[in-house]
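Engineer: Structure, please.
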Amino acid sequence: MNAKPIATKKKVVTFGEVMLRLTAPNFRRFSQTNEFIATYGGSEANVAVSLANFGIPTEFVTRLPDNAMAQACVDTLRANGLGTEGIVYGGKRMGLYFLESGAAFRNSNVVYDREGSSFATLRPGMIDWGKIFADAGWFHWSGIAASLSQEGADACMEALQIADRMGLTISCDLNFRKKLWNYGRTASEVMLPLVQYSDVIFGAEPEYKEIFGISPVGFKAVDTSYPLDLPGFEAFGQKVSELVPRCRKVFLELRNTITSNHNLLAAILYTDGTLKHTGIYDIVHEVDRVGAGDAFVGGMIYGLLTYPDDDQKTLEYALAASALKNTVYGDFNQVTVEEVESLMQGNTSGRVAR
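Structural biologist: You can find the predicted model right below:
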């Protein structure tokens, strides 16, 4: 598992569960609604859609039941430009998640219904990774795929070992979800062997703490003048690099939540012993923060492929993509390269494009 150059611009493969998302409309509580808005989402599918929107050939791999609801989901993925040839079919049901959107001082709430889903019952040997990776240069997965069952974690290891053997660049979103780790092992003991295959790691500070035991540096911005603790983040990145020697790039997205609809964002990259950072976005009227981290990852992979010699631009692009996702309803970040680059250049007026 030696470090390798970041992949050239070939197909990206992402792997994880895509679910039916059912959202209570108009900021209603679950107890108030008798209808839900149905869309699709899931961390790794969200990353794939971002990349496809940015013009990167991308294939999404998952396991779905062979029924009409799953076919409707696949149709949506294809409509968003994704390759779906690697999807396998079996099991009895799609995973679901219910979302109650927060407002002002009331938090959002997610209820998962994914136990026993087709993806949760995935086993090693069900996916032909050699065929899927044959024309790919990049493999992305996340901790959610390993959180549902031991068999799912074993399937992740299978994919990682084959991707490594075939020379792909591998990225991992730590993606810790406390509600999902219910099969008797901690996230740290399962994830630590898996993340050793990572060339690139992404996460929020609390996720690094859960997996690596590294205490957060902290981000308490209330406006854009907040001074980042750069020595603290440099030491943070060094600790991750020591724990995962193969990893060449350690990304953190920093978020301070003022209210459910007011958040401040910044980002850090530790690479080759040096630290890079962004400025701060102050998002006052947030529409939907679900998938904002996935939007960062999509921007991160795009940047590493498109600007291989400009890590600062990659970091700025990833954060701008994430900031824009906070203004887009649904899991998928439906924005273009031009819109991201416009925000990077300081165009925050919100004027109508005519």
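
Engineer: Please settle this for me: is Lys131 part of a helix?
Structural biologist: Yes - the assignment for Lys131 is a helix, going by DSSP: H, G, I helix; E, B strand; the rest coil.

Engineer: The residue nearest to it when sequence neighbours are not counted: which element?
Structural biologist: Spatial nearest neighbour of Lys131, excluding adjacent residues (C-beta to C-beta, 6 or more residues apart in numbering): Gly86 at 7.7 Å. C-beta coordinates here come from the backbone N, C-alpha and C atoms, glycine included. For Gly86, there is no helix or strand it lies in under DSSP states H and E.

Engineer: was I right about Gly86 contacting Glu59?
Structural biologist: Yes - if you go by C-beta atoms under 8 Å, Gly86 and Glu59 touch, sitting 5.6 Å apart.

Engineer: who touches both of the two?
Structural biologist: Shared contacts of Gly86 and Glu59 (C-beta atoms under 8 Å, 6 or more residues apart in numbering): Val13, Ile132.

Engineer: of those two, who's got more company?
Structural biologist: Glu59 (23 against 18; other C-beta atoms under 10 Å).

Engineer: so who does the more buried one touch?
Structural biologist: Lys11, Val12, Val13, Thr14, Ala48, Leu82, Gly83, Thr84, Glu85, Gly86, Ile132, Ala136.

Engineer: Could you list which of those residues belong to strands?
Structural biologist: Lys11, Val12, Val13, Thr14, Ala136 (DSSP state E).

Engineer: who wins for neighbours among the residues you listed?
Structural biologist: Across the ones in strands among the contacts of Glu59, neighbour numbers were computed from other C-beta under 10 Å; Thr14 holds the maximum, 32 neighbours.

Engineer: Closest one to Ile144 out of the contacts of Glu59, please.
Structural biologist: Closest approach to Ile144 among those (C-beta to C-beta): Thr14, at 11.6 Å.

Engineer: isn't the closest one right up against Ala145?
Structural biologist: No - with contact defined as C-beta under 8 Å, Thr14 does not count as touching Ala145 (9.9 Å).

Engineer: any residues in contact with both of the two?
Structural biologist: Glu44.

Engineer: show me where the stretch 101-250 of the chain has strands.
Structural biologist: Secondary structure of the stretch 101-250 of the chain (DSSP state E, counting those that start in this stretch): strands at 109-113, 136-142, 169-173, 200-203, 249-259.

Engineer: helices and strands around the worst-scoring helix or strand of the chain on mean pLDDT, which ones?
Structural biologist: None of the helices or strands of the chain scores lower by mean pLDDT, DSSP states H and E than strand 109-113, at a mean of 93. Packing partners of strand 109-113 (3 or more C-beta pairs under 8 Å, 6 or more residues apart in numbering; DSSP states H and E): strand 96-100.
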